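**Student:** With the sequence up front, the predicted model follows.
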Amino acid sequence: MKSSSDTQIARDYDAARARFAALGVDADQALKKLARIPLSLHCWQGDDVQGFEAGETGLTGGIMATGNYPGRARTPDELRADLDMVWKLLPGRHRLALHALYAETGGQRVDRDALEPRHFQGWVDWARARKVGLDFNGSFFSHPKSAEGFTLSHPDENLRRFWIAHGIASRRIGAFLGRELGSPCVCNLWIPDGFKDIPVDRAAYRERLRASLDAIFAEKLPRAHLLDAVEPKLFGLGSESCVIGSHEFYLAYAVQRGLFLTLDTGHYHPTELVSDKISAALAFLDGVLLHVSRGVRWDSDHVVVLTEELVALAQEIVRGGCEGRVRVGLDYFDASINRVAAWVIGARATLKAFLVALLEPTAALRALEEKGDYTGRLAMLEDLKGLPYGAVWEHYCMESGTLPSMAWLDEVRRYETQALAKRK
Ligand code: RNT
Ligand code: ZN
(Lines give C-alpha, C1' and ligand atoms only; values in the text may rest on other atoms or scores of the structure.)
(Ligands and ions follow the chains in the order given, each with its own letter.)
Protein backbone atom coordinates (compact mmCIF):
# COMPACT_ATOMS: atom_id res chain seq x y z
CA MET A 1 0.00 0.00 0.00
CA LYS A 2 1.27 3.44 -0.87
CA SER A 3 1.70 5.88 2.01
CA SER A 4 0.65 9.49 1.65
CA SER A 5 4.29 10.57 1.32
CA ASP A 6 4.73 8.06 -1.52
CA THR A 7 1.74 9.57 -3.28
CA GLN A 8 3.14 13.05 -2.73
CA ILE A 9 6.48 12.00 -4.23
CA ALA A 10 4.68 10.55 -7.27
CA ARG A 11 2.64 13.73 -7.74
CA ASP A 12 5.69 15.96 -7.40
CA TYR A 13 7.53 13.85 -9.92
CA ASP A 14 4.76 14.14 -12.49
CA ALA A 15 4.84 17.92 -12.16
CA ALA A 16 8.64 18.00 -12.34
CA ARG A 17 8.72 15.71 -15.37
CA ALA A 18 6.41 18.13 -17.17
CA ARG A 19 8.70 21.07 -16.33
CA PHE A 20 11.71 19.27 -17.75
CA ALA A 21 9.77 18.04 -20.79
CA ALA A 22 8.92 21.67 -21.61
CA LEU A 23 12.68 22.23 -21.97
CA GLY A 24 13.05 19.15 -24.15
CA VAL A 25 14.52 17.02 -21.36
CA ASP A 26 13.20 13.51 -20.70
CA ALA A 27 13.44 12.91 -16.95
CA ASP A 28 12.77 9.18 -17.22
CA GLN A 29 15.67 8.86 -19.65
CA ALA A 30 17.89 10.89 -17.36
CA LEU A 31 17.18 8.48 -14.51
CA LYS A 32 17.97 5.48 -16.72
CA LYS A 33 21.33 7.08 -17.45
CA LEU A 34 21.93 7.91 -13.81
CA ALA A 35 21.35 4.29 -12.87
CA ARG A 36 24.24 3.36 -15.16
CA ILE A 37 26.80 5.66 -13.48
CA PRO A 38 28.60 3.73 -10.76
CA LEU A 39 30.42 5.51 -7.97
CA SER A 40 33.52 3.91 -6.52
CA LEU A 41 32.99 4.26 -2.79
CA HIS A 42 36.10 4.39 -0.65
CA CYS A 43 36.31 1.73 2.05
CA TRP A 44 38.45 4.00 4.24
CA GLN A 45 35.66 6.31 5.40
CA GLY A 46 34.47 3.59 7.79
CA ASP A 47 37.54 3.34 10.00
CA ASP A 48 39.46 6.62 9.59
CA VAL A 49 41.96 5.04 7.14
CA GLN A 50 43.22 2.59 9.79
CA GLY A 51 43.04 -0.75 7.99
CA PHE A 52 43.58 -4.14 9.58
CA GLU A 53 47.33 -4.67 9.66
CA ALA A 54 48.83 -6.18 12.77
CA GLY A 55 51.04 -3.67 14.59
CA GLU A 56 49.52 -0.62 12.96
CA THR A 57 51.47 2.65 13.13
CA GLY A 58 48.50 5.01 12.93
CA LEU A 59 47.74 7.24 9.97
CA THR A 60 50.79 8.97 8.47
CA GLY A 61 51.70 10.41 5.09
CA GLY A 62 50.40 13.93 5.53
CA ILE A 63 46.72 13.03 5.58
CA MET A 64 44.55 13.12 8.66
CA ALA A 65 41.12 12.08 9.93
CA THR A 66 39.99 14.30 12.79
CA GLY A 67 37.24 13.51 15.30
CA ASN A 68 36.38 10.59 17.55
CA TYR A 69 32.73 9.84 16.90
CA PRO A 70 31.91 6.42 18.35
CA GLY A 71 31.45 3.38 16.11
CA ARG A 72 34.61 3.11 14.03
CA ALA A 73 34.77 -0.27 12.25
CA ARG A 74 37.54 -2.35 13.84
CA THR A 75 37.35 -5.56 11.82
CA PRO A 76 36.68 -6.49 8.19
CA ASP A 77 33.28 -7.86 9.21
CA GLU A 78 32.31 -4.64 10.95
CA LEU A 79 33.42 -2.62 7.95
CA ARG A 80 31.47 -4.85 5.58
CA ALA A 81 28.37 -4.63 7.77
CA ASP A 82 28.64 -0.83 7.63
CA LEU A 83 29.08 -0.97 3.87
CA ASP A 84 25.97 -3.14 3.56
CA MET A 85 24.04 -0.40 5.32
CA VAL A 86 25.51 2.22 2.98
CA TRP A 87 24.62 0.13 -0.07
CA LYS A 88 21.05 -0.24 1.16
CA LEU A 89 20.72 3.56 1.29
CA LEU A 90 22.06 4.35 -2.18
CA PRO A 91 20.11 4.14 -5.41
CA GLY A 92 22.04 2.56 -8.29
CA ARG A 93 24.87 0.01 -8.57
CA HIS A 94 28.24 0.99 -7.16
CA ARG A 95 31.82 -0.16 -6.75
CA LEU A 96 34.06 -0.32 -3.70
CA ALA A 97 37.63 0.97 -3.62
CA LEU A 98 39.95 -0.92 -1.28
CA HIS A 99 43.37 0.01 0.05
CA ALA A 100 46.16 -2.51 0.57
CA LEU A 101 45.81 -1.73 4.30
CA TYR A 102 42.56 -3.67 4.27
CA ALA A 103 44.17 -7.05 3.54
CA GLU A 104 42.95 -10.00 5.59
CA THR A 105 45.97 -12.02 6.59
CA GLY A 106 44.33 -14.25 9.21
CA GLY A 107 46.34 -12.80 12.09
CA GLN A 108 49.68 -13.37 10.30
CA ARG A 109 52.01 -10.44 9.82
CA VAL A 110 52.37 -10.06 6.06
CA ASP A 111 54.35 -7.02 5.04
CA ARG A 112 53.23 -4.80 2.18
CA ASP A 113 55.80 -6.17 -0.26
CA ALA A 114 54.47 -9.69 0.27
CA LEU A 115 50.73 -9.10 -0.10
CA GLU A 116 48.96 -11.50 -2.41
CA PRO A 117 45.59 -11.70 -4.11
CA ARG A 118 44.43 -14.34 -1.61
CA HIS A 119 44.58 -11.75 1.15
CA PHE A 120 41.63 -10.06 -0.53
CA GLN A 121 39.47 -13.15 -1.00
CA GLY A 122 37.08 -12.04 1.76
CA TRP A 123 36.45 -8.81 -0.12
CA VAL A 124 35.95 -10.67 -3.39
CA ASP A 125 33.37 -12.93 -1.75
CA TRP A 126 31.55 -9.92 -0.30
CA ALA A 127 31.63 -8.12 -3.65
CA ARG A 128 30.59 -11.10 -5.73
CA ALA A 129 27.56 -11.79 -3.57
CA ARG A 130 26.41 -8.21 -4.07
CA LYS A 131 27.48 -7.80 -7.73
CA VAL A 132 29.86 -5.01 -6.73
CA GLY A 133 33.03 -4.24 -8.69
CA LEU A 134 36.25 -3.60 -6.76
CA ASP A 135 38.94 -0.98 -7.24
CA PHE A 136 42.28 -0.91 -5.46
CA ASN A 137 44.99 1.35 -4.03
CA GLY A 138 48.50 0.53 -2.97
CA SER A 139 49.15 1.86 0.56
CA PHE A 140 52.43 3.77 0.66
CA PHE A 141 51.88 5.38 4.07
CA SER A 142 51.20 4.44 7.71
CA HIS A 143 54.24 2.15 7.73
CA PRO A 144 57.67 2.21 9.43
CA LYS A 145 59.32 2.26 6.01
CA SER A 146 57.52 5.48 5.05
CA ALA A 147 58.29 7.18 8.35
CA GLU A 148 60.87 9.51 6.80
CA GLY A 149 58.27 10.82 4.40
CA PHE A 150 59.69 9.17 1.28
CA THR A 151 58.92 5.88 -0.46
CA LEU A 152 59.47 5.42 -4.20
CA SER A 153 61.78 8.45 -4.38
CA HIS A 154 63.76 7.70 -1.19
CA PRO A 155 67.55 8.02 -1.60
CA ASP A 156 67.97 4.59 0.02
CA GLU A 157 67.74 1.92 -2.65
CA ASN A 158 66.59 -0.76 -0.21
CA LEU A 159 63.62 1.31 0.85
CA ARG A 160 62.77 2.05 -2.75
CA ARG A 161 62.94 -1.67 -3.55
CA PHE A 162 60.51 -2.46 -0.78
CA TRP A 163 57.97 0.04 -2.08
CA ILE A 164 58.48 -1.04 -5.68
CA ALA A 165 57.64 -4.58 -4.56
CA HIS A 166 54.50 -3.20 -2.91
CA GLY A 167 53.55 -1.42 -6.13
CA ILE A 168 54.01 -4.62 -8.13
CA ALA A 169 52.01 -6.63 -5.57
CA SER A 170 49.23 -4.04 -5.65
CA ARG A 171 48.90 -4.24 -9.43
CA ARG A 172 48.68 -8.03 -9.29
CA ILE A 173 46.01 -7.80 -6.62
CA GLY A 174 44.15 -5.25 -8.75
CA ALA A 175 44.30 -7.54 -11.79
CA PHE A 176 43.01 -10.41 -9.64
CA LEU A 177 40.07 -8.33 -8.42
CA GLY A 178 39.23 -7.29 -11.98
CA ARG A 179 39.43 -10.85 -13.27
CA GLU A 180 37.45 -12.41 -10.43
CA LEU A 181 34.64 -9.89 -10.66
CA GLY A 182 34.62 -9.55 -14.44
CA SER A 183 35.08 -5.80 -14.48
CA PRO A 184 38.34 -3.84 -14.81
CA CYS A 185 39.76 -2.73 -11.48
CA VAL A 186 41.27 0.75 -11.32
CA CYS A 187 44.45 0.42 -9.32
CA ASN A 188 45.51 3.82 -8.04
CA LEU A 189 48.97 4.80 -6.86
CA TRP A 190 49.49 7.69 -4.50
CA ILE A 191 52.66 8.23 -2.48
CA PRO A 192 53.26 10.82 0.23
CA ASP A 193 56.83 11.73 -0.82
CA GLY A 194 57.65 15.37 -0.32
CA PHE A 195 59.53 18.04 1.61
CA LYS A 196 58.32 20.18 4.45
CA ASP A 197 60.97 22.74 3.68
CA ILE A 198 62.75 24.06 0.60
CA PRO A 199 64.63 21.25 -1.18
CA VAL A 200 67.76 21.78 -3.24
CA ASP A 201 67.61 18.78 -5.54
CA ARG A 202 64.04 18.22 -6.63
CA ALA A 203 65.25 16.67 -9.86
CA ALA A 204 67.03 13.76 -8.17
CA TYR A 205 63.89 12.79 -6.25
CA ARG A 206 61.72 13.04 -9.34
CA GLU A 207 64.20 11.02 -11.40
CA ARG A 208 64.16 8.28 -8.78
CA LEU A 209 60.36 8.32 -8.68
CA ARG A 210 60.22 7.95 -12.45
CA ALA A 211 62.60 4.98 -12.35
CA SER A 212 60.63 3.33 -9.52
CA LEU A 213 57.37 3.76 -11.42
CA ASP A 214 58.95 2.26 -14.52
CA ALA A 215 59.85 -0.80 -12.45
CA ILE A 216 56.31 -1.05 -11.05
CA PHE A 217 54.57 -0.66 -14.41
CA ALA A 218 56.97 -2.88 -16.37
CA GLU A 219 54.77 -5.94 -15.99
CA LYS A 220 52.06 -6.06 -18.66
CA LEU A 221 48.74 -7.03 -17.16
CA PRO A 222 45.50 -7.30 -19.19
CA ARG A 223 43.57 -4.03 -19.42
CA ALA A 224 40.38 -6.04 -19.27
CA HIS A 225 41.28 -6.67 -15.62
CA LEU A 226 43.41 -3.72 -14.59
CA LEU A 227 43.51 0.01 -15.31
CA ASP A 228 46.51 1.74 -13.72
CA ALA A 229 46.16 5.25 -12.31
CA VAL A 230 48.59 7.71 -10.72
CA GLU A 231 47.55 10.48 -8.30
CA PRO A 232 49.32 13.84 -8.04
CA LYS A 233 48.96 16.45 -5.36
CA LEU A 234 50.14 19.93 -4.53
CA PHE A 235 51.02 19.63 -0.85
CA GLY A 236 50.37 17.63 2.29
CA LEU A 237 50.89 18.09 6.00
CA GLY A 238 54.67 17.95 6.26
CA SER A 239 55.19 18.19 2.50
CA GLU A 240 54.25 21.83 2.08
CA SER A 241 57.27 22.95 0.05
CA CYS A 242 57.52 20.21 -2.53
CA VAL A 243 55.57 17.10 -3.46
CA ILE A 244 57.66 14.82 -5.65
CA GLY A 245 54.64 13.38 -7.48
CA SER A 246 53.23 16.73 -8.56
CA HIS A 247 50.52 17.37 -11.14
CA GLU A 248 52.91 18.06 -14.01
CA PHE A 249 54.97 15.02 -13.12
CA TYR A 250 52.10 12.54 -13.19
CA LEU A 251 50.24 14.16 -16.05
CA ALA A 252 53.32 13.73 -18.21
CA TYR A 253 53.91 10.24 -16.89
CA ALA A 254 50.33 9.13 -17.52
CA VAL A 255 50.42 10.50 -21.07
CA GLN A 256 53.72 8.84 -21.83
CA ARG A 257 52.77 5.46 -20.36
CA GLY A 258 49.07 5.36 -21.24
CA LEU A 259 47.84 5.36 -17.62
CA PHE A 260 44.79 6.93 -16.00
CA LEU A 261 45.35 10.20 -14.15
CA THR A 262 43.69 10.54 -10.77
CA LEU A 263 42.28 13.99 -10.14
CA ASP A 264 41.57 14.52 -6.44
CA THR A 265 39.48 17.63 -5.89
CA GLY A 266 41.40 18.42 -2.70
CA HIS A 267 44.82 18.36 -4.34
CA TYR A 268 44.99 21.75 -6.01
CA HIS A 269 45.10 25.42 -5.12
CA PRO A 270 41.79 26.33 -3.49
CA THR A 271 40.70 28.41 -6.47
CA GLU A 272 41.84 25.87 -9.06
CA LEU A 273 39.00 23.77 -10.47
CA VAL A 274 39.29 20.09 -11.25
CA SER A 275 36.18 20.36 -13.42
CA ASP A 276 38.27 22.35 -15.90
CA LYS A 277 40.97 19.66 -16.03
CA ILE A 278 38.87 16.69 -17.15
CA SER A 279 38.48 17.62 -20.81
CA ALA A 280 42.12 18.72 -20.96
CA ALA A 281 43.37 15.41 -19.59
CA LEU A 282 41.00 13.35 -21.73
CA ALA A 283 42.35 14.99 -24.88
CA PHE A 284 45.47 12.91 -24.27
CA LEU A 285 44.51 10.10 -21.90
CA ASP A 286 42.25 7.05 -22.09
CA GLY A 287 40.73 7.81 -18.75
CA VAL A 288 40.61 9.72 -15.53
CA LEU A 289 39.86 8.57 -12.00
CA LEU A 290 38.21 11.21 -9.86
CA HIS A 291 38.77 11.36 -6.15
CA VAL A 292 35.82 13.46 -5.15
CA SER A 293 36.62 15.14 -1.88
CA ARG A 294 35.95 18.49 -0.20
CA GLY A 295 38.82 20.57 0.95
CA VAL A 296 38.01 23.34 3.39
CA ARG A 297 40.87 25.85 3.16
CA TRP A 298 43.24 22.93 2.67
CA ASP A 299 43.12 19.26 1.59
CA SER A 300 41.02 18.47 4.65
CA ASP A 301 38.93 15.66 3.13
CA HIS A 302 35.59 16.89 4.50
CA VAL A 303 32.44 14.98 3.56
CA VAL A 304 31.38 15.78 0.01
CA VAL A 305 28.29 17.99 -0.29
CA LEU A 306 26.37 19.32 -3.27
CA THR A 307 28.51 22.31 -4.21
CA GLU A 308 28.58 24.20 -7.48
CA GLU A 309 31.94 22.58 -8.27
CA LEU A 310 30.55 19.09 -7.69
CA VAL A 311 27.78 19.85 -10.19
CA ALA A 312 30.38 21.28 -12.58
CA LEU A 313 32.37 18.03 -12.38
CA ALA A 314 29.29 16.00 -13.26
CA GLN A 315 28.36 18.43 -16.04
CA GLU A 316 31.80 18.13 -17.61
CA ILE A 317 31.46 14.36 -17.70
CA VAL A 318 27.86 14.25 -18.94
CA ARG A 319 28.22 17.07 -21.48
CA GLY A 320 31.36 15.46 -22.85
CA GLY A 321 29.68 12.05 -23.06
CA CYS A 322 32.73 10.62 -21.27
CA GLU A 323 30.93 8.63 -18.55
CA GLY A 324 32.78 5.56 -19.80
CA ARG A 325 36.21 7.16 -19.43
CA VAL A 326 35.85 8.83 -16.05
CA ARG A 327 35.68 6.65 -12.96
CA VAL A 328 34.07 8.54 -10.11
CA GLY A 329 35.72 7.63 -6.83
CA LEU A 330 35.10 9.24 -3.47
CA ASP A 331 37.95 10.14 -1.13
CA TYR A 332 37.24 11.73 2.22
CA PHE A 333 37.42 10.68 5.84
CA ASP A 334 35.54 12.41 8.59
CA ALA A 335 35.67 10.89 12.08
CA SER A 336 33.62 13.66 13.70
CA ILE A 337 30.17 12.47 12.62
CA ASN A 338 28.46 9.11 12.12
CA ARG A 339 30.72 7.45 9.57
CA VAL A 340 27.96 5.55 7.79
CA ALA A 341 25.98 8.77 7.41
CA ALA A 342 29.13 10.49 6.11
CA TRP A 343 29.42 7.89 3.37
CA VAL A 344 25.75 8.20 2.43
CA ILE A 345 25.76 12.01 2.44
CA GLY A 346 28.78 12.24 0.13
CA ALA A 347 27.62 9.50 -2.21
CA ARG A 348 24.10 10.89 -2.47
CA ALA A 349 25.46 14.39 -3.09
CA THR A 350 27.58 13.04 -5.94
CA LEU A 351 24.64 11.19 -7.47
CA LYS A 352 22.50 14.32 -7.21
CA ALA A 353 25.19 16.30 -9.02
CA PHE A 354 24.98 13.77 -11.86
CA LEU A 355 21.20 14.03 -11.84
CA VAL A 356 21.38 17.81 -12.24
CA ALA A 357 23.81 17.35 -15.12
CA LEU A 358 21.62 14.73 -16.80
CA LEU A 359 18.55 16.96 -16.56
CA GLU A 360 20.24 19.81 -18.40
CA PRO A 361 19.01 20.90 -21.84
CA THR A 362 22.60 20.80 -23.06
CA ALA A 363 21.79 21.02 -26.77
CA ALA A 364 19.94 24.30 -26.25
CA LEU A 365 22.84 25.73 -24.22
CA ARG A 366 25.34 24.61 -26.80
CA ALA A 367 23.33 26.24 -29.58
CA LEU A 368 23.42 29.57 -27.72
CA GLU A 369 27.15 29.23 -27.21
CA GLU A 370 27.85 28.43 -30.84
CA LYS A 371 25.84 31.45 -31.95
CA GLY A 372 27.89 33.61 -29.62
CA ASP A 373 24.80 34.42 -27.55
CA TYR A 374 26.57 34.47 -24.19
CA THR A 375 23.80 36.59 -22.69
CA GLY A 376 21.29 33.86 -23.40
CA ARG A 377 23.70 31.16 -22.20
CA LEU A 378 24.27 32.83 -18.84
CA ALA A 379 20.58 33.63 -18.38
CA MET A 380 19.58 30.06 -19.09
CA LEU A 381 22.25 28.55 -16.83
CA GLU A 382 20.95 30.68 -13.99
CA ASP A 383 17.27 29.95 -14.63
CA LEU A 384 17.96 26.21 -14.71
CA LYS A 385 19.08 26.35 -11.09
CA GLY A 386 15.46 26.79 -10.01
CA LEU A 387 14.16 23.58 -11.58
CA PRO A 388 12.63 20.86 -9.34
CA TYR A 389 15.58 18.43 -9.22
CA GLY A 390 14.62 17.33 -5.72
CA ALA A 391 11.32 15.89 -6.88
CA VAL A 392 13.12 13.79 -9.50
CA TRP A 393 15.64 12.63 -6.91
CA GLU A 394 12.99 11.51 -4.42
CA HIS A 395 11.19 9.61 -7.17
CA TYR A 396 14.47 7.96 -8.17
CA CYS A 397 15.09 6.82 -4.59
CA MET A 398 11.58 5.36 -4.35
CA GLU A 399 11.79 3.61 -7.72
CA SER A 400 15.18 2.17 -6.78
CA GLY A 401 13.74 0.72 -3.58
CA THR A 402 15.77 2.95 -1.30
CA LEU A 403 14.68 5.57 1.17
CA PRO A 404 14.08 9.20 0.16
CA SER A 405 15.57 12.25 1.85
CA MET A 406 15.85 12.22 5.64
CA ALA A 407 14.09 8.84 5.90
CA TRP A 408 17.48 7.24 5.21
CA LEU A 409 18.86 9.00 8.27
CA ASP A 410 16.30 7.27 10.53
CA GLU A 411 17.69 3.99 9.26
CA VAL A 412 21.27 5.07 10.06
CA ARG A 413 20.23 6.19 13.53
CA ARG A 414 18.66 2.79 14.19
CA TYR A 415 21.87 1.13 13.02
CA GLU A 416 23.86 3.41 15.26
CA THR A 417 21.90 2.30 18.32
CA GLN A 418 21.85 -1.37 17.39
CA ALA A 419 25.41 -1.82 16.11
CA LEU A 420 27.75 1.19 16.11
CA ALA A 421 27.14 2.27 19.71
CA LYS A 422 28.10 -1.20 20.94
CA ARG A 423 31.64 -0.92 19.54
CA LYS A 424 33.57 0.14 22.59
C1 RNT B 1 46.05 11.56 -0.29
C2 RNT B 1 45.31 10.99 -1.44
C3 RNT B 1 44.96 9.55 -1.34
C4 RNT B 1 44.40 9.15 0.00
C5 RNT B 1 43.67 7.83 0.04
C6 RNT B 1 43.60 7.28 1.43
O7 RNT B 1 46.19 12.90 -0.35
O8 RNT B 1 44.17 11.74 -1.69
O9 RNT B 1 44.11 9.22 -2.38
O10 RNT B 1 43.51 10.10 0.49
O11 RNT B 1 44.18 6.98 -0.86
ZN1 ZN C 1 42.87 11.00 -3.23
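**Tutor:** That came through, no problem. Residues are numbered from 1 along each chain as shown. Ligands and ions are numbered 1, 2, ... in the order given.
**Student:** Rounded mean pLDDT for the lengthiest helix in the chain, please.
**Tutor:** Using DSSP state H to define each element, the chain has its longest helix at helix 157-181. In this model, helix 157-181 carries a mean pLDDT of 99.
**Student:** so does that helix get close to ligand 1?
**Tutor:** No - remark: helix 157-181 sits outside contact range of ligand 1, by C-beta under 6 Å from any ligand atom, the gap being at least 11.7 Å. All C-beta atoms are positioned from the backbone trio N, CA, C, and that covers glycine.
**Student:** Now do the helix or strand following that helix: everything it contacts.
**Tutor:** Remark: after helix 157-181, the chain's next helix or strand is strand 185-189, criterion DSSP states H and E. Contacts to strand 185-189, defined as C-beta atoms under 8 Å, 6 or more residues apart in numbering, come from residues 40, 97, 133-138, 140, 167, 170-171, 173-175, 177-178, 213, 216, 225-231, 260, 262, 289, 327, 329.
**Student:** does any bit of strand 185-189 sit next to ligand 2?
**Tutor:** No - Strand 185-189 lies apart from ligand 2 when judged by C-beta under 5 Å from the ion; the minimum separation is 7.7 Å.
**Student:** got it, and stretch 256-264?
**Tutor:** Yes - judged by C-beta under 5 Å from the ion, stretch 256-264 comes into contact with ligand 2 at residue 264.
**Student:** Quick check: residues of the stretch 201-350 of the chain near ligand 2?
**Tutor:** Contact residues, the stretch 201-350 of the chain versus ligand 2 (C-beta under 5 Å from the ion): 264, 291, 331.
**Student:** Include distance to ligand 1, secondary structure and neighbour count when you put those into a markdown table, please.
**Tutor:** Output for these, formatted as a markdown table (distance: C-beta to the nearest ligand atom, whole Å; DSSP: H, G, I helix; E, B strand; the rest coil; neighbours: other C-beta atoms under 10 Å):
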| residue | distance to ligand 1 | secondary structure | neighbour count |
| --- | --- | --- | --- |
| 264 | 5 | strand | 24 |
| 291 | 5 | strand | 27 |
| 331 | 5 | coil | 30 |
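**Student:** Helices of the stretch 101-250 of the chain, residue ranges please.
**Tutor:** 121-130, 157-181, 202-217, 247-257 (DSSP state H, counting those that start in this stretch).
**Student:** now do the stretch 251-400 of the chain
**Tutor:** With DSSP H, counting those that start in this stretch as the criterion, the stretch 251-400 of the chain has helices at 278-282, 308-319, 339-358, 362-371, 374-384, 389-399.
**Student:** right, so of those helices, which gets closest to residue 408?
**Tutor:** Nearest of these to residue 408, taken as C-beta to C-beta: helix 339-358 at 6.2 Å.
**Student:** ok, and for that closest one, which residues are buried?
**Tutor:** For helix 339-358, the neighbour count (16 or more other C-beta atoms under 10 Å) marks 339-358 as buried.
**Student:** could you redo the residues of the stretch 201-350 of the chain next to ligand 2 as TSV and give each row pLDDT?
**Tutor:** As requested, these are exported to TSV (pLDDT from 0 to 100):
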residue	pLDDT
264	98
291	98
331	98
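**Student:** element containing residue 81?
**Tutor:** Using DSSP H and E, residue 81 sits in helix 76-88.
**Student:** Parallel or antiparallel, which strands does the helix or strand just after that helix pair with?
**Tutor:** Going down the chain from helix 76-88, the next helix or strand is strand 95-97, by DSSP H and E. Strand pairing for strand 95-97, using DSSP bridges, gives strand 39-42 (parallel), strand 134-137 (parallel).
**Student:** what's the first one in contact with?
**Tutor:** When you say that, I think you mean strand 39-42. 83, 86, 90, 92, 94-97, 133, 135, 186, 289, 327-333, 343, 347, 350-351.
**Student:** Quick one: check that strand for contact with ligand 1.
**Tutor:** No - counting by C-beta under 6 Å from any ligand atom, no contacts exist between strand 39-42 and ligand 1, the nearest distance being 7.1 Å.
**Student:** And that strand, how far out from the chain middle?
**Tutor:** Distance of strand 39-42 from the chain centroid (C-alpha atoms, centre = their mean, to the nearest Å) equals 5 Å.
**Student:** any idea of the mean pLDDT in stretch 365-373?
**Tutor:** Across stretch 365-373, pLDDT averages out at 98.
**Student:** who touches stretch 318-327?
**Tutor:** Contacts of stretch 318-327 (C-beta under 8 Å, 6+ apart): 33, 36-37, 40, 135, 186, 227, 260, 278-279, 282, 286-290, 317, 354, 357-358, 360, 362.
**Student:** In ChimeraX, select just the buried ones from the residues you listed.
**Tutor:** A single ChimeraX command selects the buried members of the contacts of stretch 318-327 (16+ other C-beta under 10 Å):
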select :37,40,135,186,227,260,278,282,287,288,289,290,317,354,357,358,360,362
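**Student:** Tell me which other helices or strands the strand or helix carrying residue 30 touches.
**Tutor:** Element membership for residue 30, per DSSP H and E: helix 27-35. Contacts defined by 3 or more C-beta pairs under 8 Å, 6 or more residues apart in numbering; DSSP states H and E place helix 27-35 against helix 4-22, helix 339-358, helix 389-399.
**Student:** quick one: low-confidence parts of the chain?
**Tutor:** In the predicted model, the chain carries pLDDT under 70 at residues 1-2, 56.
**Student:** now do 90
**Tutor:** Residue ranges of the chain with pLDDT under 90: 1-5, 54-58, 424.
**Student:** show me the residues around the nearest residue to residue 33 once chain neighbours are set aside that make contact.
**Tutor:** Spatial nearest neighbour of residue 33, chain neighbours left out: residue 358 (5.3 Å); criterion: C-beta to C-beta, 6 or more residues apart in numbering. Each residue near residue 358 by C-beta under 8 Å, 6+ apart is listed here: 30-31, 33-34, 318.
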